[in-house]
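Student: Whatever this is, show me its structure:
(chains A and B)
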2 protein chains.
Amino acid sequence: MGTSRTNPQAARRAPRAAAPASPWAQAPAREAQREAKRNAVLSTAAQMFTERGFHATSLDDIAARLHVSKPTLYYYVKNKDEILLECVKKGLHMTLDGIEASRAAGGNAVDQLRACMLVYADIVTQPFGMCLIRIGDEEVPEPSRTELRRMKSEIDLAFRRLVAQGVQEGSLSACDPKMTAFVIAGALSWIGRWYQPEGEYSAAQVAEQCIATLMHGVLGAPAAPAKRSKKRAASD
Amino acid sequence: MGTSRTNPQAARRAPRAAAPASPWAQAPAREAQREAKRNAVLSTAAQMFTERGFHATSLDDIAARLHVSKPTLYYYVKNKDEILLECVKKGLHMTLDGIEASRAAGGNAVDQLRACMLVYADIVTQPFGMCLIRIGDEEVPEPSRTELRRMKSEIDLAFRRLVAQGVQEGSLSACDPKMTAFVIAGALSWIGRWYQPEGEYSAAQVAEQCIATLMHGVLGAPAAPAKRSKKRAASD
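Tutor: Numbers count the residues shown, from 1 in each chain, chains lettered A, B, ... in the order given. Prediction:
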């Protein structure tokens, strides 16, 4: 046998490091890289959709901002509709996860409601959250549209349940939880329509002010007005 | 001469009623008819845009619902973009006129604010108002986009001025009028996103509930919940 001069056992035990390095990453690392790149495609797209609208943004525009060719994008996403769906879904998952965490943190219904409002207000100032708010359900083709509506209902129901619980606990006055949840969702979602990251208020200031007004009412006593003197002042 | 047997003067004085009736309307009536038909095109389009989205509605769809051919539509409108622009503009003009009337009716700042909120809540449950809310500015090409944004700013400023006036009068607590106006606009605009004319609440009930929650806050004491037992219950 050709291997008779060496010990076959020892040859099998030769350290892997001795093998010539491969220029290709191993499968799990490759998968992680692909996922990171796909996320970059999605977040760049989300930002562009909110800047100029979904229909006015082409795959070429997205590719150009990422310094890649359009065919490269197709390695990560099927088409623009898929990108939109994934962006909106990410916004929805972030919201649902945040609500879940706020509820798990405990406290009475008003504490939980306030925590959920903070989560929501924060998410709608970020690109995926802005997509969620600015893109109408009608833009998303079926069957995804039904799935998105189901997820949006879950968010709505979480707010409704907290309001109903607050009424039951006596920490909130008697009201129609459905309508109250709509008012909360409306005021907070609107932030995603007008908020400008480079504007006069930080995201934290917007959230604080809006939640105070929602909690105490226009006739009530919201927190003292505060504008930031420089971009992204420390969260207050 | 052939006319020698009749008196030429008398012939010229023959009453107009004797002339054969024209199947064409006179110019002012024709213009009024054209305007009425153009309005029918716009309101049908507004309804379809809010039902299925702007991009999913074709001129063929609009023509079919009006029982006319697409070439007939072109007699009233240039293209789909023009229809959208006109629909949004109608929603804006309705709102600005309503705000103007509410302010002209007088009262203190809170009375005027409440009247303006009622106007706004009512308009966003109607097709042109729903278009205004559901269609993003990005969908409208320049230079119309800038014009629409200017009109939207006027509405925003009217709310801000009333809030500031209320703070000055002492009828509202100290607040940042800009942020308070955003909360009001957000909660009321949201109605235009979810309101269904055939749903469980009448437009008047929705307006009343939302305004009460905005005025008194989630922690406050909004009006007792009320749902209608049948479609479009008497305004309450």
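Student: Every contact and neighbour count from this point should use C-alpha atoms.
Tutor: Will do.
Student: Helix or strand: which one has the spatially most central residue of chain A?
Tutor: Nearest residue to the geometric centre of chain A (Cα atoms, centre = their mean): A:Gly91, 3.3 Å. Take DSSP states H and E as the rule and A:Gly91 turns out to sit in helix A:80-104.
Student: Distance from that helix to the middle of the chain?
Tutor: Mean-position distance between helix A:80-104 and its chain equals 5 Å (Cα atoms, centre = their mean, to the nearest Å).
Student: could I get whichever helix or strand comes after it in CSV with only the CA atoms?
Tutor: Next helix or strand after helix A:80-104 toward the C-terminus (DSSP H and E): helix A:109-123. The C-alpha trace of helix A:109-123 is given here as CSV (Å, rounded to 0.1, in the frame of the first residue of the first chain):
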residue,chain,number,x,y,z
ALA,A,109,-52.5,48.3,33.7
VAL,A,110,-51.6,52.0,33.5
ASP,A,111,-47.9,51.3,34.0
GLN,A,112,-48.0,48.6,31.3
LEU,A,113,-50.1,50.9,29.0
ARG,A,114,-47.5,53.7,29.4
ALA,A,115,-44.6,51.3,28.7
CYS,A,116,-46.4,50.0,25.5
MET,A,117,-47.0,53.5,24.4
LEU,A,118,-43.3,54.3,24.8
VAL,A,119,-42.4,51.2,22.7
TYR,A,120,-44.8,52.2,20.0
ALA,A,121,-43.8,55.8,19.9
ASP,A,122,-40.1,54.8,19.7
ILE,A,123,-40.6,52.3,16.9
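Student: The residue nearest to the centre of chain A contacts A:Thr125, correct?
Tutor: No. Shown here, A:Gly91 and A:Thr125 do not form a contact pair, counting by Cα atoms under 8 Å, at 10.7 Å.
Student: Assign A:Ser43 to helix, strand or coil.
Tutor: When classified by DSSP: H, G, I helix; E, B strand; the rest coil, A:Ser43 comes out as helix.
Student: give the contact list for it.
Tutor: A:87, A:127-128 (Cα atoms under 8 Å, 6 or more residues apart in numbering or on different chains).
Student: any chance of these in JSON lines, with pLDDT, neighbour count and distance to B:Phe54 too?
Tutor: Output for the contacts of A:Ser43, formatted as JSON lines (pLDDT from 0 to 100; neighbours: other Cα atoms under 10 Å in any protein chain shown; distance: Cα to Cα, whole Å):
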{"residue": "A:Cys87", "pLDDT": "94", "neighbour count": "27", "distance to B:Phe54": "21"}
{"residue": "A:Pro127", "pLDDT": "92", "neighbour count": "25", "distance to B:Phe54": "23"}
{"residue": "A:Phe128", "pLDDT": "95", "neighbour count": "29", "distance to B:Phe54": "22"}
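Student: Would you mind listing the buried residues in stretch A:43-63?
Tutor: Using 16 or more other Cα atoms under 10 Å in any protein chain shown as the test for burial, stretch A:43-63 gives A:43-50, A:53-54, A:57, A:59, A:62-63.
Student: what's the burial count for A:Gln196?
Tutor: Neighbourhood size, A:Gln196 [other Cα atoms under 10 Å in any protein chain shown]: 15.
Student: From A:Val41, how far off is it?
Tutor: Look at A:Gln196 and A:Val41: by Cα to Cα, to the nearest Å, they are 22 Å apart.
Student: cool, A:Ile184 as well?
Tutor: 32 Å.
Student: In terms of neighbours, single out the busier of these two.
Tutor: More neighbours surround A:Ile184 than the other of A:Ile184 and A:Val41, with 28 against 20 (other Cα under 10 Å).
Student: what sits against that one?
Tutor: Applying Cα under 8 Å, 6+ apart, we find A:Ile184 in contact with A:117, A:214, B:187.
Student: Isn't A:Ile73 up against A:Ala63?
Tutor: Actually, residue A:73 is Leu. It isn't Ile. Yes. A:Leu73 lies in contact with A:Ala63 (Cα under 8 Å); the separation is 6.7 Å.
Student: so where's chain A uncertain?
Tutor: For chain A, the stretches flagged by pLDDT under 70 are A:1-19, A:221-236.
Student: which stretches of it form helices?
Tutor: Here chain A has its helices, by DSSP state H, at A:8-12, A:27-52, A:59-65, A:70-73, A:80-104, A:109-123, A:127-134, A:144-169, A:177-194, A:203-216.
Student: Contact partners for A:Lys90?
Tutor: Counting by Cα under 8 Å, 6+ apart, A:Lys90 has contacts A:128-129.
Student: Could you tell me how far it is located from A:Val124?
Tutor: The gap separating A:Lys90 from A:Val124 is 12 Å, by Cα to Cα.
Student: A:Gln196 now?
Tutor: 11 Å.
Student: For the closest residue to chain B within chain A, which non-adjacent residue is closest in space?
Tutor: Closest contact between chain A and chain B, by Cα to the nearest Cα, is at A:Gly217 (3.4 Å). Among residues not flanking A:Gly217 along the chain, B:Gly217 sits closest, at 3.4 Å (Cα to Cα, 6 or more residues apart in numbering or on different chains).
Student: My read is that that neighbour contacts A:Leu214, right?
Tutor: Yes. With contact defined as Cα under 8 Å, B:Gly217 and A:Leu214 form a contacting pair (5.2 Å).
Student: thinking again about what came up before, deepest in the core, which of the helices of chain A is it.
Tutor: Highest mean neighbour count of these: helix A:127-134, a mean of 26 (counted as mean count of other Cα atoms under 10 Å in any protein chain shown).
Student: Return the angle between stretch directions for that one and helix A:27-52.
Tutor: Interaxial angle of helix A:127-134 relative to helix A:27-52 (axes from the mean of the first three to the mean of the last three Cα atoms, to 10 degrees): 50 degrees.
Student: Helix A:127-134 to helix A:109-123, inter-axis angle?
Tutor: Using the same axes, to 10 degrees, helix A:127-134 lies at 100 degrees relative to helix A:109-123.
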